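J.: only geometry, no sequence info:
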C-alpha cells in the first residue's frame, strides 16, 4: 500500500470535487473508502481516505499511485492543493479495514465504471453529495441499474469467446453472459452482464 497527503487550504473542496465521498464521510478514527473517477465516470483508483492534522491522508495500491498522481496533477494545480507521498500511514490502523482495492494494476485504471466495481452496493459512493468529477455519469448509470441485472468486472489472461462462455455459480445458476471486452497487452478485461438468481437455461461452458 502507498500513502500520501493532500494539503492546502482547499483540501476539503478537493475531496468534495474529485472523490465519490463527502467530507462529512471522513473521520480521524477510521478510513473511508472512495473512488477517484475521470470525466467519463471511469474508475482511476480505489482509495482509502482519512482526516489528519491539517491534511487528508489517502491510501492506494503501490502500483497505482503514479497513475493517480498523474491523473490528479492538473486538478491539484487548479485548486492549489499539494499531493505528497509519505513512507507510512501517520495514523493507526495503517490499513483501511476490509479495504478492497479493485484497481490493483495500471492497466485496470480508467476501464470500469463505479457500478462495474459495485461501488453503489458497498458504500463507495455518496449519492447525496454535490457535483464531483464523473458524477453525472454515475448518476445516469445509477438511474438505469435494474434490480435484477448488474454489470460485473472480470479480468482474464486468456481470450473468452462470448458465444461459448457463460457465468455460473457453484449451484449451477446461470448468472450472466459476456459483455464488453477491453484488450490490453497482458490480458483481456471483460465486463459481464450479470443477472441475479436466474436459473440457467443454457448448457454452455461455465467459469
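T.: Yep, it's here. Because the structure is predicted, anything quoted here is derived from the model rather than measured.

J.: so what's residue 10 up against?
T.: By CB atoms under 8 Å, 6 or more residues apart in numbering, the contact set of residue 10 is 79, 80, 81. Every residue, glycine included, has its C-beta placed from N, CA and C.

J.: so what are the domain limits for this structure?
T.: Annotated domains of the chain cover 1-143, 146-207 [automatic domain parsing].

J.: Comparing these, which yields the minimum mean pLDDT?
T.: Among the domains of the chain, domain 146-207 carries the lowest mean pLDDT, a mean of 48.

J.: Quick one: end-to-end distance for stretch 119-126.
T.: Across stretch 119-126, the terminal residues are separated by 10 Å (CA to CA, to the nearest Å).

J.: Quick check: which element contains residue 136?
T.: In the assignment (DSSP states H and E), residue 136 maps to helix 135-144.

J.: picking up where we left off before, buried ones among the contacts of residue 10?
T.: Buried residues within these, defined by neighbour count using 16 or more other CB atoms under 10 Å: 79, 81.

J.: Which parts of the chain are strands?
T.: Here the chain has its strands, by DSSP state E, at 2-7, 32-37, 43-52, 55-60, 82-86, 149-156, 165-168, 174-184, 187-195, 205-206.

J.: what residues does the first one touch?
T.: When you say that, I think you mean strand 2-7. 14-15, 52, 54-62, 64-65, 69, 76, 81-90.

J.: May I have the residues that are in contact with the nearest residue to residue 6 once chain neighbours are set aside?
T.: Counting by CB to CB, 6 or more residues apart in numbering, residue 6 lies nearest to residue 56, which is 4.6 Å off, once chain neighbours are set aside. By CB under 8 Å, 6+ apart, the contact set of residue 56 is 5, 6, 7, 11, 12, 14, 15, 26, 49, 50.

J.: just curious, which of these is nearest to residue 129?
T.: Residue 129 lies nearest to residue 15 out of those, by CB to CB, at 9.9 Å.

J.: burial count for the closest residue to residue 51 other than its chain neighbours?
T.: Using CB to CB, 6+ apart and skipping the chain neighbours, the partner closest in space to residue 51 is residue 28 (4.6 Å). By the measure other CB atoms under 10 Å, the count of residues near residue 28 is 10.

J.: any idea how far residue 28 lies from residue 36?
T.: Between residue 28 and residue 36 the distance, using CB to CB, to the nearest Å, works out to 21 Å.
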